[in-house]
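Visitor: sequence? don't have it. structure:
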């Protein structure tokens, strides 16, 4: 059985018998930088868990007294899988029995529709990155060109990923750590956002969505509340905007990120970033 995996990316088995929900979750988690293995039956799930040795298992829309719960009980009894974190996603109708899933050993329980921010937080609470690091903020692939100003000059570089905490960019000759910069990025609506930052990594993007990319990581500084809201809105739209628009029933929501900022709807001076 072929297992689709990337280099140094964490592996998630998404198991459930709702193909639409499983598809949306697969798209979402892949955009979060995770390798996804979707399965559709308890038997297939059990086989894939032993073959792929995932870092986390997502059980989707499981109901009490089903083969999925029997599988969960078996997993928590087996030495090879008992410590693998399991997150259960349950329907609203099963919310009253939420505690029973924790008693069965689940690391987390989410109710459909799943809030993207809540899922992201739960995932990175149980997934440990190299050197014991944990990812705290929502981060997405971001391949737009940005302007980078420092020491009185301006350069243009392509970004790799974006979060509300910083941005990673490709740079052939990385700036030294501690360099103060100003980055101008394009938001989802095309308007520019100027952000102060500092170079916090020049070794190479060891934790990027594209391992092996050489560049720098810039940590944002002195963010205003409006900056944070606008960043969150852009990240949510990149991550799940198409899914939220397409879904015919509420599988996912991004209400925690799609909050109107005070500046939305107001004219914004345009800063042209050369293409």
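Guide: Structure received. Because the structure is a prediction, the values reported are computed rather than measured.
Visitor: ok, now which ones touch residue 253?
Guide: For residue 253, the contacting residues are 113, 114, 115, 116, 244, by CB atoms under 8 Å, 6 or more residues apart in numbering. C-beta coordinates here come from the backbone N, C-alpha and C atoms, glycine included.
Visitor: need the pLDDT of the last one.
Guide: Note on residue 244: pLDDT of 94.
Visitor: what secondary structure does residue 236 sit in?
Guide: Here residue 236 takes the helix state, with states given by DSSP: H, G, I helix; E, B strand; the rest coil.
Visitor: excluding its backbone neighbours, what's nearest it?
Guide: Sequence neighbours aside, residue 257 is the residue nearest to residue 236 in space, at 3.6 Å (criterion: CB to CB, 6 or more residues apart in numbering).
Visitor: what's the one you found sitting at in phi/psi?
Guide: phi -110, psi -30 (degrees, to the nearest 10).
Visitor: surely it and residue 238 touch.
Guide: No: counting by CB atoms under 8 Å, residue 238 is not a contact partner of residue 257; they are 10.5 Å apart.
Visitor: of these two, who's got more company?
Guide: Neighbour tally, residue 257 and residue 238, criterion other CB atoms under 10 Å: the higher count belongs to residue 257, 22 against 18.
Visitor: for the stretch 51-200 of the chain, what spans make up the helices?
Guide: Along the stretch 51-200 of the chain, the segments classed as helices by DSSP state H, counting those that start in this stretch run 67-77, 98-103, 116-126.
Visitor: tell me which of the ones you listed sits most buried.
Guide: When these are scored by mean count of other CB atoms under 10 Å, the highest mean neighbour count falls to helix 116-126 (a mean of 19).
Visitor: count the residues that sit near the closest residue in space to residue 197 that isn't next to it in sequence.
Guide: Taking CB to CB, 6+ apart as the measure, residue 197 lies nearest to residue 218, with 4.1 Å between them; neighbours along the chain are not counted. Other residues near residue 218 number 27, with proximity taken as other CB under 10 Å.
Visitor: specify the beta-bridge partners of residue 218.
Guide: The residues paired with residue 218 through beta bridges, assigned by DSSP bridges, are residue 167, residue 199.
Visitor: isn't residue 91 up against residue 112?
Guide: Yes: contact criterion CB under 8 Å: residue 91 and residue 112 qualify, at 5.4 Å.
Visitor: comparing those two, which residue is more hemmed in?
Guide: For residue 91 and residue 112, the more surrounded residue by other CB under 10 Å is residue 112, and the numbers stand at 20 against 13.
Visitor: and that one, what's its pLDDT?
Guide: 92.
Visitor: same thing with residue 64?
Guide: As summarised for this prediction, residue 64 has a pLDDT of 61.
Visitor: tell me how far residue 41 lies from residue 61.
Guide: Per CB to CB, to the nearest Å, residue 41 is found 14 Å from residue 61.
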